[in-house]
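In: Using only what follows, build the 3D model:
(chains A, B and C)
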Amino acid sequence: MVNVISGLAFVVFAGVFWVQRNYTSEFGGLFADPVIIVMAVLGLVLALLGLVQRRPSEHKSDVPLAGVIRAVLLLVAWVALLPTLGYVVDGLVFFVLAALLMRDHRPSLKGLALDVGVSVGVVAVLYLVFTWVLVVQLPEFAL
Amino acid sequence: MFDLLLNGFLQNFSPYLLLLLLTGTASGMAVGAMPGLSATLGLALLIPFTFAMEPTPGLVLLGAFYMGAIYGGSFTAILVNTPGTPSSIATTFDGYPMTKQGRSEEAIVAATMGSLVGGLIGVVALVFLAPPLADFSLRFGPQEYFWIAIFGLTIIATLASKSLLKGFLGGALGLLISTIGIAPIGGDVRFTFGTPLLQGGVPLVPALIGLFTIPEVIRLIARRGREEAEMVTTEVRSKGHLWGLIRKVLSDPVNVIRSSVIGVIVGILPGAGGSVANLVAYNEAKRASPHPERYGKGEVQGVVASESANNATVGGGMITTLTLGVPGTPPDAIILGVLLLQGLRPGAELFQTQGKLVYTFIFAIAFSAVMMVPVGLIAGRALQRGVVALPARYLAPSIFVLSIVGAYAIRSNVTDVYLMLLIGLVGYLMAVADFSPAPIVLGLILGPIAETGLGQGLLTAAGSNHPWTSFFTRPLSLVLIALSLLSMLWPLYRQLRGRRISPAATLDLDWPPNEAKVD
Amino acid sequence: MRRTVFARTMAPILAFGLLAAGCSSGGPTPSAGAGAAKGYPKKSIKYVLPFDPGGESDITARLQQKPLQDILGTNVVVSYKPGAGGALGWSELTRTSPDGYTIMGSNLPHIILQPLLRANAGYKTSDLKQVYIFESTPNALLVPADSPIKTLDDFIAAAKKDPGAMTVGGSGEDSANWIGTLDLGDKAGVKLTYTPFTGTGTAIPALLGNHVKALMTYTPQIAQLGDKVRAIAVAADKRMTSLPDVPTFKEQGFDIVDGAYRGVSVPKATPDAIVQKLVAAFKKANSDPTLVQKFEKLGFVVENYGPTEAAQLTQEREAVYGPLLKKLKIIK
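Out: I've put the predicted structure just below:
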């Protein structure tokens, strides 16, 4: 089943790119077109083989779905708020959130303080290294 | 020449230069370890410092930094599955599984020794074989680059551990994504989906971080890091422990030497550098091994192959830089720039008129490779112990913070962070569907090389009636085509030979089957 | 119960975070017009390069960094925003605050050709206010040293004999090398096949390895390659002092004077007073003898175009490129 979906996803992806083709020179599609076509064909093959070779899913995932959803939401929020909160605030807040989310039990005050402490440490060190030593810019707080 | 060599060798023993060598190597390693910071960027930052120095110390600093940076990429590749530089992509294939098995120290030692030997062999090639190798590199024209890229893509056949079909789909995905942005030939603006932000295409580093690191971060957070117990080192700390590890990683000299040679050859080709070398060397190591099924599951020789190849490109790339004035790899462009600023012209006369400086510089690179061993073994193992000891609930967000900074730092562009996460999410889904990330990365790296070679080849053969034939009539191209076919068909051949399976079995989605399971 | 705990833990974190935000933010504040020029510059200036590190623009910027810091009395921080041949950086510049604290390297003819050739480059040539052009590298036509072509006439004769077979390599699409080749082909009435390479680093091996017959590149390469190549023409007004043996296109009958010009630009709305301060700074830096010497070592021609002259040059080149590209049916 997974294979059927992935196969079809590739066909769709190839289709999306095919539709977006808008070349102005004769070289534009020389390489890209064959790749799109190959992708669509292979995707189709995958979907077909997936249908034909249905087998009991040996795929026992050791990663709980609820955990994955939690992780994805956390990371998406982290990145989405990056331009607004800037690297430092965003990093501090979400670092602690992540550490808290990964705990099994409610943290003690000491545990919480440790989480905040590590968060500050890591975020600050990276900030200093990149902005002072390497003089590379990082996103700023923009509210 | 011998006296020049000796002089160059001895010059490096001055306290000032030794100090520069140490600082250069160590800071290079630190920069190389951080994803998003490339050797090129680090060297660019050092340029103003070199203005205040005499030519020799300035170049020594740059050379040491460069060698260290290529080595440094292995640390994060091994410990957190994030290549610090694209030259260490193949190091993750076995380095990270080794970390998960509690063998990260062995991996670090392997990377160190591999880098040492590779770096030294690169310098040896530079000293003794520069002119013939430089001439050889000139024989590679656009058509040859195209076939090199195709050869690189056949590596997918070796890397696809779960299914060839899925491997090639991944490769096609990488190739397609690499076409986003401005076409290298013809200047078309393609597949930007209406936004000028995608004009620059999808840069490699955010994609690397997305494909290799993000899925691991998701897994760590989702599982609440329950696998941390496995990562604690299982090795006994005995007295000859380190020596034992060193002997073990060097137990296959053929692998190290072959990988280094590959690194040198790829290094002399401008337009292909460490990022291609490590993958090709890994592929060859796996093919030549009596136990290819171990690769990808923690085979230490995989790490050795990758790291020796990428450090060999330092010396290799320097060949064309010093002999022809053509930078063999992107960091070489900076070193070339500094050479020119000092009024030094590359070419045969450089070796004659400025022999002292040149050979001091060359030996500095070699010394830096040697210095990497104590610095790497101390700092690297400290880092390794730190990472292993860190609880997962701090490790995961730390890696993610580093990923954000790394993705952002290259182009100072938040879009790159978005891209990294998007690619990461897709990468996670693909991993769940049994697609491995390596073919995608291969496609991303080799796509531009293939497309550029294709277009340029057709243009440069425009005089003939059938430009396409130029791809099949040039002798060097034919050699590369043969290599590609060999590489492509070899895993098939091995499987069929060993198991007497019918060819129809290749369509099985679980094919090639894993011959040995490591628990 | 968990929720209140959560809220209680979040509050101090957020408060702490807001404090940290106050300390970390140092972004540019929108200017208030001419009044903002007083006391400029008050903080560091970002010198952004829209290219990858290691190129000629990078080395130039690093050479200018210290003199500019001394003259302006503030830090000058070099950073990179590569992509799309510079277009990503220049389109970003149009969205940058016009307060003079962000200056960006800008190149001619790139900023003319890209908006002309691309449906959506993200910016228009007029969106960039060029502050100063400090150096240029004229185009130069090279052949391998052992080529039978010895002069420009030989080159044109060979090209006429076999239309399309004369392959000329160069650095980049939509670049000075490209349009220079087009111009030469047009003026000489021959069909040349231009082959773009990503930067001079890959174009030169193509010439030395005889994969292309000629190279339209920049003058610094002549010095770098020495006797491996023969320069048959240079697109300068008069013969260059560093290359006395190389005839110009002009003296061989073709009015081709072109190359790449490097300068810096600011967003169009930047107040004039600030622009003038920057102009003065670059002018002074460009007259520094050590800097000039280093430029010449690298094979650059030192230029001194202020904003008006730069705008004029841009217009002149635009007037040449537009009709040429229309004539060759590359644009409508």
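
In: Contacts for stretch B:384-402, please.
Out: With CB atoms under 8 Å, 6 or more residues apart in numbering or on different chains as the test, stretch B:384-402 has contacts from A:75, A:78, A:91, A:94-95, A:98-99, A:102-103, A:115, A:118-119, A:122-123, A:126, B:34-35, B:75-76, B:78-80, B:82, B:99, B:104-105, B:108, B:213, B:216-217, B:220-221, B:224-228, B:231-233. Placement of C-beta: from N, CA and C, glycine included.

In: In helices, which of those residues appear?
Out: A:75, A:78, A:91, A:94-95, A:98-99, A:115, A:118-119, A:122-123, A:126, B:75-76, B:78-80, B:99, B:104-105, B:108, B:216-217, B:220-221, B:228, B:231 (DSSP state H).

In: filter the residues you listed by proximity to chain C?
Out: For chain C, no contacts are drawn from those by CB under 8 Å from any CB of the partner chain.

In: Quick check on these: which are buried?
Out: A:75, A:78, A:91, A:94-95, A:98-99, A:115, A:118-119, A:122-123, A:126, B:75-76, B:78-80, B:99, B:104-105, B:108, B:216-217, B:220-221, B:228, B:231 (16 or more other CB atoms under 10 Å in any protein chain shown).

In: how many neighbours does B:Trp468 have?
Out: Using other CB atoms under 10 Å in any protein chain shown, B:Trp468 has 12 other residues around it.

In: got a pLDDT number for B:Gln301?
Out: Model confidence at B:Gln301, given as pLDDT, is 93.

In: what about the helix or strand harbouring it and chain C, touching?
Out: Assessed by DSSP states H and E, B:Gln301 sits inside helix B:300-324. Yes: Helix B:300-324 reaches chain C (CB under 8 Å from any CB) through B:320, B:324.

In: what's downstream of that helix, the next helix or strand?
Out: Counting by DSSP H and E, the next helix or strand C-terminal to helix B:300-324 is helix B:330-341.

In: Do any residues in stretch C:285-303 lie close to chain B?
Out: Yes: judged by CB under 8 Å from any CB, stretch C:285-303 comes into contact with chain B at C:294, C:297-298.

In: Can you give me the buried ones in that stretch?
Out: C:285-286, C:288, C:291, C:294-295, C:297-301, C:303.

In: For residue 91, which non-adjacent residue is spatially closest?
Out: As the question left the chain open, I've gone with chain A. A:Val123 (4.1 Å; CB to CB, 6 or more residues apart in numbering or on different chains).

In: think we crossed wires, I meant chain C
Out: Spatially, and ignoring its direct neighbours in sequence, C:Ser91 is nearest to C:Gly122 (2.6 Å; CB to CB, 6+ apart).

In: so who does the one you found touch?
Out: So C:Gly122 contacts B:196, B:199, C:84, C:87-88, C:90-92, C:94 (CB under 8 Å, 6+ apart).

In: which of the residues you listed tops the neighbour count?
Out: C:Trp90 (29 neighbours).

In: ok, that one to C:Ala145 distance?
Out: With distances defined as CB to CB, to the nearest Å, the gap from C:Trp90 to C:Ala145 amounts to 38 Å.

In: and what of B:Glu451?
Out: B:Glu451 is 31 Å from C:Ala145, by CB to CB.

In: What pairs with the host helix or strand of C:Gly263, parallel or antiparallel?
Out: Assigned by DSSP H and E, C:Gly263 belongs to strand C:259-267. Based on DSSP bridges, the pairing partners of strand C:259-267 within the sheet are strand C:102-108 (antiparallel), strand C:128-144 (antiparallel).
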